[in-house]
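Engineer: Provided below for reference: sequence and predicted model.
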Amino acid sequence: MQHVANLSELRAKEVHAAAIEVAELSHVYLGRDGKVPALEDISLTVGAGRFVVIVGPSGCGKTSLLMMMAGLRRPTSGTILCAGRPIDVPDPDRVGVVFQEASLFPWLTALENIEFPLSIRHAPRLERRRRAEAMLNLVGLAGFGARYPHELSGGMKQRVSIARGLVQDPPVLLMDEPFAALDEQTRMTMGHELLRIWSQTNKTVVFVTHSLTEAVYLADEVLVMSPRPGRIIDRAEVTLPRPRTYEMMATDVFGRLRERIWQKIRKVT
Amino acid sequence: MRPAPATVRRLIFVLMLVLWELVPRAGLLPELFLPSLSRTLGVLMHNWAEYAHALTVTLYEVVLAMLIACGAGILIGAVIGGLSRVRQLLLPVFSSLYAVPIVILYPIFTAWLGVGSQSKIAFAGVYGFFPVMLSTAAGIQSIDQNFLVAARSMGASLPQQITRVVIPASMPTVLAGLRLGGALALIGVIVSEMLTAAAGIGYLVSKYRTVLDSPRVFAAILVILVLSVLFDALARWVERRALAWQTAGRREPGLPVEETYTGTTVPA
């Protein structure tokens, strides 16, 4: 437990540094009936090393917001700073992304999938292999590197996706409902695994989900979004100690937090 | 125990060869309709120079026609599949053209290009072009957009997205189109040789048919059969090699992949 205590101390120090700063971000897209406001006046700060979860009803723009943080989409107005610099285009040195469903390339093995971001950068073959193997170990898939995605279970595929998102060692990991397609038990296991990986790598994580239980279980802080146009209507600090355990889900603190978030969402929908 | 399908297929094949030999010999069919296998092979051996020359002409035309069909098909298919503006403009036209029996254009090709190899190459090239073009367009159009978004998030440039994602992702559909287009190019060459020509295997078929020399007709047919079977085997081999990932871990049908893992724990 010694290293865990050290890690949380470390994290407490790093809270001062912001990994992601979103300021006055709004987004409008052109729909069938003219302009549709999708995101409205969003400002948020994610401290370095924090685990922040964004929840909200479907269609509230939480995925859009995440894609903007990844530099994959541009907001109509407002700024996004990542490690102090604006992010206009995807920058895998600063931000790794894990997508909703298996976005793994089916024609590559698990190991080749993890190597993909490195090979895009023309990293030397041996270096690539070494780092991909290390990531495979980290996500608990040692020995599965030669498997193709169709030979892996849903949970294993998402482990590979996480490894791929981490392989370039970016300080920030963005996750877009990564476990949404998994069954309940696998989902719980994967959440727990993610926390283990997070505590071992000390990344900043922004995690989008529509599961409130998952949100409270994983997060340092939960941001609640309203339906379209998406705004941030609540910030709930999760004071549960780490490492989190399944037993905590039965506690009053957990239940009250979950209830508070649910009431917020229910009120506006 | 039931025999394997492959064994049954081989047996049927051998049975047909045996019937080809026995039916004419027993006098069940006159030789004009079906000369025996041994007779046909004998004629083929005896006239090998004539058939070999015809085969080189046909092969030359087939190879060039396939190059045209595949090259133009992939190029235009990629443009149509990749650019939605072009697709909306041209795809309906090309899809309709595919249904037209293009053989009606062959007289025009001979009028323009003569009765030599050029008209066969041009006709067969056009004939094989459509399936290649249509499947390339479909393959590129149906690529999962998530793959491209993921590649972009990992910093892939546009050329890298094309070489590392678009090409491998569309490979299965494109290869299926190439096999079909190649087969049509082969058919196109043979058909055009049979219609108007002065050389080639198809020409031998129609030439000896008009003089009712059945063994020589069947000798030519045999050569064409072998040629098309060889082409199909080659195309399938290429597909298997290029798409090995699709069948990985499925060598033993019925055995779930997970059960082949011999470690202690299988992660979620």
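Structural biologist: Sure thing, it's come through. Everything numeric in this text was worked out from a predicted model, so none of it was measured.

Engineer: so B:A197 is in which element?
Structural biologist: Secondary structure from DSSP states H and E places B:A197 outside every helix and strand.

Engineer: next one: the one 5 residues further on
Structural biologist: Using DSSP H and E, B:G202 sits in helix B:201-210.

Engineer: what of A:L44?
Structural biologist: strand A:34-47.

Engineer: can you give me the helices for the chain?
Structural biologist: Using chain A here. Ranges of helices in chain A, per DSSP state H, are A:2-14, A:62-69, A:110-120, A:125-138, A:154-166, A:184-201, A:212-218, A:252-268.

Engineer: can you look at chain B instead?
Structural biologist: Using DSSP H, helices in chain B cover B:5-25, B:37-46, B:48-82, B:84-99, B:106-113, B:117-141, B:145-153, B:158-161, B:167-195, B:201-210, B:214-242, B:244-247.

Engineer: report the buried residues of the first one.
Structural biologist: Spelled out, it's helix B:5-25. For helix B:5-25, the neighbour count (16 or more other C-beta atoms under 10 Å in any protein chain shown) marks B:W20, B:E21, B:P24 as buried. Where you see a C-beta, it was placed from the backbone N, CA and C, and this is true even at glycine.

Engineer: can you add distance to chain A and pLDDT and give the residues you listed back as CSV?
Structural biologist: CSV is the format used below for the buried residues of helix B:5-25 (distance: C-beta to the nearest C-beta, whole Å; pLDDT from 0 to 100):
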residue, distance to chain A, pLDDT
B:W20, 43, 92
B:E21, 47, 92
B:P24, 51, 90
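
Engineer: and which of these is nearest to A:M67?
Structural biologist: In terms of C-beta to C-beta, no member of the buried residues of helix B:5-25 lies closer to A:M67 than B:W20, at 65.2 Å.

Engineer: gap between that closest one and B:Y208?
Structural biologist: Going from B:W20 to B:Y208 by C-beta to C-beta, to the nearest Å gives 18 Å.

Engineer: close to chain B: what parts of the stretch 101-250 of chain A are there?
Structural biologist: A:101, A:103, A:105-109, A:116-117, A:119-121, A:140-141, A:143, A:147-148, A:150-151, A:153, A:155-156, A:159, A:164, A:168, A:185-186, A:189-190, A:193 (C-beta under 8 Å from any C-beta of the partner chain).

Engineer: would you write a ChimeraX line that selects the buried entries of these?
Structural biologist: Here is the ChimeraX command that selects the buried residues among these (16+ other C-beta under 10 Å):
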select /A:101,103,105,106,107,108,109,116,117,119,120,140,141,147,148,150,151,153,155,156,159,164,168,186,189,190,193
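
Engineer: how about the residues of the stretch 1-150 of chain B that lie near chain A?
Structural biologist: Counting by C-beta under 8 Å from any C-beta, the stretch 1-150 of chain B sits next to chain A at B:N146, B:F147, B:V149, B:A150.

Engineer: neighbours around the first one, how many?
Structural biologist: A total of 14 residues lie near B:N146 under the criterion other C-beta atoms under 10 Å in any protein chain shown.

Engineer: let me see the contact set for it.
Structural biologist: A:F99, A:Q100, A:E101, A:S103 (C-beta atoms under 8 Å, 6 or more residues apart in numbering or on different chains).

Engineer: my guess is the third one contacts A:F179. True?
Structural biologist: What that stands for is A:E101. No: with contact defined as C-beta atoms under 8 Å, A:E101 does not reach A:F179; the gap is 10.2 Å.

Engineer: tell me the one of the contacts of B:N146 nearest A:E237?
Structural biologist: For the contacts of B:N146, the nearest to A:E237 is A:Q100 (26.6 Å; C-beta to C-beta).

Engineer: was I right about the closest one contacting A:L182?
Structural biologist: No: in this structure A:Q100 lies outside contact range of A:L182 using C-beta under 8 Å: 10.9 Å.

Engineer: okay, those two: which has more neighbours?
Structural biologist: Neighbour totals were compared for A:Q100 and A:L182, and A:L182 leads with 20 against 17 (other C-beta under 10 Å).

Engineer: what residue ranges in chain B score low on pLDDT?
Structural biologist: Along chain B, the model assigns pLDDT under 70 to residues B:1, B:250-268.

Engineer: just give me the residue right at the centre of it.
Structural biologist: In chain B, the centroid-proximal residue (C-alpha atoms, centre = their mean) is B:A183; its distance is 2.6 Å.

Engineer: quick check: it touching B:V229?
Structural biologist: No: using C-beta under 8 Å, B:A183 is not in contact with B:V229, being 10.9 Å away.

Engineer: farthest residue from the center of chain A?
Structural biologist: Of all residues in chain A, A:D33 has its C-alpha farthest from the mean position, at 32.8 Å, by C-alpha atoms, centre = their mean.

Engineer: can you pull the pLDDT of that residue?
Structural biologist: A:D33 is assigned 82 on the pLDDT scale.

Engineer: now for chain A, the helix or strand with the poorest mean pLDDT.
Structural biologist: helix A:2-14 (a mean of 51; mean pLDDT, DSSP states H and E).

Engineer: give the contact list for the residue farthest from the centre of chain A.
Structural biologist: Contacts of A:D33 by C-beta under 8 Å, 6+ apart: none found.

Engineer: phi, psi of it?
Structural biologist: With angles defined as degrees, to the nearest 10, A:D33 sits at phi -100, psi 40.

Engineer: contacts only, for the residue lying closest to A:V46 once chain neighbours are set aside.
Structural biologist: Take A:V46 and drop its neighbours on the chain: the residue closest to it by C-beta to C-beta, 6 or more residues apart in numbering or on different chains is A:I20, 4.2 Å away. With contact taken as C-beta under 8 Å, 6+ apart, A:I20 is in contact with A:L44, A:T45, A:V46, A:M69, A:I80, A:L81, A:C82, A:V172, A:T204, A:V206.

Engineer: for A:I20, give the beta-bridge partners.
Structural biologist: A:V46, A:C82 (DSSP bridges).

Engineer: need the pLDDT of it.
Structural biologist: 92.

Engineer: distance of it from chain B?
Structural biologist: To chain B, A:I20 is 15 Å away according to C-beta to the nearest C-beta, to the nearest Å.

Engineer: from A:L44, how far off is that residue?
Structural biologist: Distance from A:I20 to A:L44, by C-beta to C-beta: 8 Å.

Engineer: make sure B:V165 is actually in contact with B:Q145.
Structural biologist: No: in this structure, B:V165 is not within contact of B:Q145 by C-beta under 8 Å, at 10.5 Å.

Engineer: who's more crowded, these two?
Structural biologist: Between B:V165 and B:Q145, counting by other C-beta under 10 Å, B:V165 is the more crowded of the two (21 against 8).

Engineer: which residues does that one contact?
Structural biologist: B:V165 neighbours (C-beta under 8 Å, 6+ apart): A:F105, B:I143, B:F147, B:L148, B:A151, B:A156.

Engineer: can you add distance to B:L83 and give those residues back as CSV?
Structural biologist: Shown next, in CSV, are the contacts of B:V165 (distance: C-beta to C-beta, whole Å):
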residue, distance to B:L83
A:F105, 23
B:I143, 14
B:F147, 18
B:L148, 15
B:A151, 19
B:A156, 20
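
Engineer: next, give me the two most distant ones among these.
Structural biologist: Going by C-beta to C-beta, the pair spanning the contacts of B:V165 furthest: B:I143 and B:A156, at 13.8 Å.

Engineer: okay, those two: which has more neighbours?
Structural biologist: Taking neighbours as other C-beta under 10 Å, B:I143 and B:A156 compare with B:A156 leading, 23 against 18.
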